[in-house]
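Trainee: Using only what follows, build the 3D model:
(one chain, ligands or ions: 2)
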Amino acid sequence: MDLAQLVPSLQAGDRRSLARAITLVESARADHRAQALDLLQALGSDKQALRIGLSGTPGVGKSTFIESFGLMLTAQGLRVAVLAVDPSSARSGGSILGDKTRMEHLARDPLAFIRPSPSQAQLGGVARRTREAVALCEAAGFDIILIETVGVGQSETVVAELCDLFVLLLAPAGGDELQGVKRGIMEMADLILVNKADGDLKSAAMRTCADYAGALRLLRKRPQDPAGYPKAMTVSALEQAGLATAWAEMQVLADWRRAQGHWATRRGQQAQHWFKEELRRGLLAVLEQEPTKGIVAAQGRAVAEGRCTPEAAASQILALLHRN
Ligand SMILES: Nc1nc2c(ncn2[C@@H]2O[C@H](COP(=O)(O)OP(=O)(O)OP(=O)(O)O)[C@@H](O)[C@H]2O)c(=O)[nH]1
Ligand SMILES: [Mg+2]
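Mentor: Ligands and ions are numbered 1, 2, ... in the order given. Below you'll find the model as predicted:
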């Protein structure tokens, strides 16, 4: 790949170049990895997009929401990129690509760029790839980056460490049953949107929204929020209702955080998080490589046969690593 050519065309916002650059950062080949690092270095990081994380359980309406919300933004002249973090191998093969029928119009919009998640099962790999794809979309001058994840376990944490605003999409609950949204996820949310507030579901959506608004008020106040935030509101992705209000709330929050310095602080913390994460991954990889791998195996046998205590076996290997 010719970086001297790719860098200016990507910076000019060319979507084909962006797609090629993302393919490069996704590649597992060592020579591609070296090129990817050169590319990211060459692009620098002077442009900033608003990164919006969007999480929700299957069927809650994420794809429908992204289509409606994305089209509303592109109609305002904003350039919108859509990425996905999807660690579940069950949905591998491109989760949002399979959904492109639900994002049919956005997919054809010249101001939009939709990238399906690669069929890659390991969350660490997915996180790195998405992080680098975010950087590439920013370098390509996108104004808004939507990062979708299906609400399964750790993927929300990954997305929360990648975005400026974290939006939780919920479905109307039947009766007075509250959905099993974990407290940790609630605490990450900057905006809760109860979707499907239309037709027969409208009153249930409003009840669910009131329940979550109440639950949000009980959470500990966060320094990065102005008074009255985080909020819960109802939307209908299908009928495009409430989307402009939701967007206005996101902008209020983003502007306030920028003005108060929370935005920059958070991005700095996120960079530090990913630095430590990469370091941890690198160190673990060392244990899987020879000669350490063989030594670990030998020490494991010694521990199993009672020739050495687990603590002594581990500290001997750590001492060995320190020396190198
Ligand atoms: N009534 C109503 N139905 C909706 C709304 N948004 C989405 N749906 C429907 O809910 C179903 C699931 O929508 P999707 O957008 O595919 O949901 P998703 O969260 O992307 O689902 P996964 O990709 O499987 O995780 C579809 O039948 C949509 O038509 C809405 O605002 N109102
Ligand atoms: Mg979907």
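Trainee: Strands of the stretch 151-300 of the chain, start to end?
Mentor: Applying DSSP state E, counting those that start in this stretch to the stretch 151-300 of the chain gives strands spanning 165-170, 191-194, 231-234.
Trainee: would TSV of those with distance to Asp31 and mean neighbour count be doable?
Mentor: Bear in mind the C-beta positions are built from the backbone N, C-alpha and C, glycine included. TSV is the format used below for those (distance: least, Cβ to Cβ, whole Å; neighbours: other Cβ atoms under 10 Å):
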stretch	distance to Asp31	mean neighbour count
strand 165-170	36	24
strand 191-194	42	26
strand 231-234	48	21
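Trainee: I'd like the ones you listed laid out as a markdown table, including distance to ligand 1.
Mentor: Output for those, formatted as a markdown table (distance: least, Cβ to the nearest ligand atom, whole Å):
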| stretch | distance to ligand 1 |
| --- | --- |
| strand 165-170 | 7 |
| strand 191-194 | 10 |
| strand 231-234 | 10 |
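Trainee: thought Ile66 was touching Glu104?
Mentor: No: between Ile66 and Glu104 there is no contact under Cβ atoms under 8 Å: 11.6 Å.
Trainee: Settle it for me: which of the two has more neighbours?
Mentor: Higher neighbour count among Ile66 and Glu104: Ile66, with 26 against 10, using other Cβ atoms under 10 Å.
Trainee: tell me the secondary structure for that one?
Mentor: What DSSP: H, G, I helix; E, B strand; the rest coil gives for Ile66 is helix.
Trainee: ok, now how distant is it from Val80?
Mentor: 9 Å (Cβ to Cβ, to the nearest Å).
Trainee: Quick check: neighbours shared by the two?
Mentor: Common neighbours of Ile66 and Val80 are listed as 106, 146 (criterion: Cβ atoms under 8 Å, 6 or more residues apart in numbering).
Trainee: Show me what counts as buried in the one helix or strand Arg128 maps to.
Mentor: Applying DSSP states H and E as the criterion places Arg128 in helix 123-139. For helix 123-139, the neighbour count (16 or more other Cβ atoms under 10 Å) marks 123, 126-139 as buried.
Trainee: give me the number of residues near Val296?
Mentor: 14.
Trainee: Could you look up the SS state of whichever residue of the stretch 101-250 of the chain sits closest to ligand 2?
Mentor: Residue of the stretch 101-250 of the chain nearest ligand 2, by Cβ to the ion: Arg102 (6.3 Å). Following three-state DSSP, the label given to Arg102 is coil.
Trainee: Leaving out the residues flanking it, which one is nearest to it?
Mentor: Of all residues not flanking Arg102 in the chain, Ser63 sits nearest, at 3.8 Å (Cβ to Cβ, 6 or more residues apart in numbering).
Trainee: try Leu168
Mentor: Nearest residue to Leu168, sequence neighbours excluded (Cβ to Cβ, 6+ apart): Ala189, at 4.2 Å.
Trainee: Please name every helix or strand in contact with the helix or strand hosting Glu311.
Mentor: Assessed by DSSP H and E, Glu311 sits inside helix 310-323. Helices and strands touching helix 310-323, by 3 or more Cβ pairs under 8 Å, 6 or more residues apart in numbering; DSSP states H and E, are helix 292-304.
Trainee: now the helix it packs on and helix 310-323, what's the angle there?
Mentor: In terms of direction (axes from the mean of the first three to the mean of the last three Cα atoms, to 10 degrees), helix 292-304 departs from helix 310-323 by 160 degrees.
Trainee: Confirm Leu54 sits in a strand?
Mentor: Yes: secondary structure assignment (three-state DSSP) places Leu54 inside a strand.
Trainee: residues contacting it?
Mentor: Applying Cβ under 8 Å, 6+ apart, the residues contacting Leu54 are 62, 65-66, 146-149, 159, 167, 169.
Trainee: go again using 7 Å as the cut-off
Mentor: 62, 66, 146-148, 167, 169 (Cβ atoms under 7 Å, 6 or more residues apart in numbering).
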